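Undergrad: here is my input; please provide its structure:
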Amino acid sequence: MHLLRSFWRAALWLPAMLWLATAPCAQAADETLRVGSKRFTESYILAEVLAQTAAPHTASPPVIRQGLGNTAIVYEALRSGAIDLYAEYTGTIALEILKGSPADTREAMNAALAPLGLGVAIPLGFNDGYALAVRAADADKLGLRTLSDLAKHSELRIGLSNEFIGRADGWKGLAARYGFTQTPTGLDHGLAYEAMTARQIDAIDIYTTDAKIDHLGLRVLQDDKRYFPRYDAVVLYRLDLPTRLPKAWAALQALEGKIDEHAMIAMNARAELQGVRFDTIARDFLAGATQDGKTPPSAARGFTAKLFGPDLWPLARQHLLLVAVSVGVAILVGVPLAILVFPHLRLRAVVLGFASVMQTVPSLALLAVLISLLGAIGALPALIALTLYSLLPIMRNTVTGLTEVPHGLRLAGTALGMTPPQSLRFVLMPLALPTLLAGVRTATAIAIGTATIAAFIGAGGFGERIVTGLALNDRELLMAGALPAAAMALVSEGIFELIELWMRRRRRAPPSSLPPA
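TA: So this is what the prediction gives:
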């Protein structure tokens, strides 16, 4: 019983912790430049370039929200005000954001974006278009020079990024234009090159500034029917930014036309082939070190350096906070709700059924919906998602624990003159507590693993390393994110083992006196 009381007291601080973790500071937000990026190498680098260019002209260091996922998520973050700007591409703006509205010039785009409170500015100087690529040896053997040539070979296996498959300017329109009959395999862009090397697929979608095209000996096929528009890199920003941070905006204007395709390919190569940090690449470029593709030699970081890097403890704190708050809130919501519906079979079935359905919703889909509903990215939608995923094991185990209390003990409590609340407090809950605790244990394990998705919306945690590792196809960086999360799960299991051992010893001790009848 002492454990149960301590359990509830310990949970009382969690709502305050949730508020502290998610409440924004309006004044700080007004003075801080917030830069976003998508989840691929070039976007990571450009976010650092933008932030470092503006940094000397802002009162506080810019906040960089890296790896926010696909266009839909990062655009929603911009529209909601969670970020102020990010590097985007004209073709994507025209077809994905403006949904094919006639906007073939920057002026037309700005006219269409203005009602949304957004604008396009600062063309950076390079085009990074979509294209399809095959192995050079296959291109020579089969005579593949154009996409029309590729369409004639239905036996070739095509692997495409999931975003490209679903984009308005992606696979569906491309297949219709060229008559492709293959069903493409969906995979992460960062893994596509490895799949090509392993000969698991024969053609992939690429960005024309990808560093691995030449490195792996791939041949980019000509878009002979001119399906793809130009994807000139620009800055997509909130219209209030130039007024709110005029000095930073003036500094960013100096980037116009400063990055050509050779410079961008060279920067991508340093990240993907040499393992150089994104902030270092941006710093060297702004210092003039990467102009004309000339890059300073950089020693690749080993696994130990990646695992025990300076971001280890900040990421650990973020991950732990996400898990502790989400599981704590799930306990505060799930346990009372399970107790409330326990006597009512139909209501119990409905509530547990709803929790089961929430458990099956894909995490990224749930995050996208929450971002749209809340108008925010970061900790708040991540915590809500993790809390929803934690509810089912806690609620189900609470109900199971209450169900397993022997009927004779229930009657004994009634015979002693206990009221229903007293019976719940002194008989049912103490006997159900081990099963309830097993549900919390399961929920904690789920939360530790699922918290890695928080990195997709800028909420931090070990997922940042995993997401970046996917973007770079860097197995060591992936493991540097996965191993600390696994270690946290093992520590969690050890703590719960100790709690259960303590409970078993308490059960062997003489029982405490019951309240007077």
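
Undergrad: now Tyr207, nearest residue through space, not along the chain?
TA: Among residues not flanking Tyr207 along the chain, Asp128 sits closest, at 5.1 Å (CB to CB, 6 or more residues apart in numbering). Where C-beta positions appear, they are placed from N, C-alpha and C, glycine not excepted.

Undergrad: tell me how many other residues surround that neighbour.
TA: Neighbour count for Asp128, taken as other CB atoms under 10 Å: 26.

Undergrad: could you list every residue that touches it?
TA: The contact partners of Asp128, by CB atoms under 8 Å, 6 or more residues apart in numbering, come to 42, 89, 207-209, 231, 233, 261, 264.

Undergrad: at 6 Å instead, please
TA: Listed by CB atoms under 6 Å, 6 or more residues apart in numbering, the contact set of Asp128 reads 207-209, 231.

Undergrad: equivalent analysis for Ile339, please.
TA: Contacts for Ile339 were tallied using CB under 6 Å, 6+ apart; there are none.

Undergrad: doesn't it lie inside a helix?
TA: Yes - assigned with DSSP: H, G, I helix; E, B strand; the rest coil, Ile339 falls within a helix.

Undergrad: what does the model give it for pLDDT?
TA: Looking at Ile339, its pLDDT stands at 92.

Undergrad: what distance do you get for it to Met429?
TA: Distance of Ile339 to Met429, given as CB to CB, to the nearest Å: 8 Å.

Undergrad: tell me the buried residues in the lengthiest helix in the chain?
TA: In the chain, assigned by DSSP state H, the helix with the most residues is helix 475-508. If you call a residue buried by 16 or more other CB atoms under 10 Å, then helix 475-508 has these buried ones: 476-482, 484-485, 488-489, 492, 496, 499.

Undergrad: show me what it is packed up against.
TA: helix 303-307, helix 429-450, helix 463-472 (3 or more CB pairs under 6 Å, 6 or more residues apart in numbering; DSSP states H and E).

Undergrad: ok, and what's touching the last one?
TA: Yep, that's helix 463-472 we're talking about. Helix 463-472 has contacts (CB under 6 Å, 6+ apart) with 39-41, 67, 188, 190, 272, 452, 454-455, 477-478, 480-481.

Undergrad: among the residues you listed, which are located in helices?
TA: Assigned to helices by DSSP H, the following of these qualify: 41, 190, 272, 477-478, 480-481.

Undergrad: lowest-confidence one in the residues you listed?
TA: Lowest model confidence among these falls on Gly190, which carries 75.

Undergrad: low-confidence ranges in the stretch 251-400 of the chain?
TA: Applying pLDDT under 70 to the stretch 251-400 of the chain flags the ranges 289-301.

Undergrad: how about the helices in it?
TA: All helices of the stretch 251-400 of the chain, identified by DSSP state H, counting those that start in this stretch, fall at 261-274, 278-286, 303-307, 312-341, 345-360, 363-374, 379-403.

Undergrad: could I get those helices as a markdown table with distance to Phe180?
TA: Below are those laid out as a markdown table (distance: least, CB to CB, whole Å):
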| stretch | distance to Phe180 |
| --- | --- |
| helix 261-274 | 27 |
| helix 278-286 | 35 |
| helix 303-307 | 39 |
| helix 312-341 | 42 |
| helix 345-360 | 32 |
| helix 363-374 | 27 |
| helix 379-403 | 36 |
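
Undergrad: ok, which of these comes nearest Leu95?
TA: helix 363-374 (18.9 Å; CB to CB).

Undergrad: mind giving me the packing neighbours of the closest one?
TA: Helices and strands touching helix 363-374, as assessed by 3+ CB pairs under 6 Å, 6+ apart, comprise helix 379-403.

Undergrad: now the angle from the next helix-or-strand element following the helix it packs on to helix 379-403?
TA: Going down the chain from helix 379-403, the next helix or strand is helix 407-415, by DSSP states H and E. Relative orientation of helix 407-415 and helix 379-403, computed by axes from the mean of the first three to the mean of the last three CA atoms, to 10 degrees: 90 degrees.
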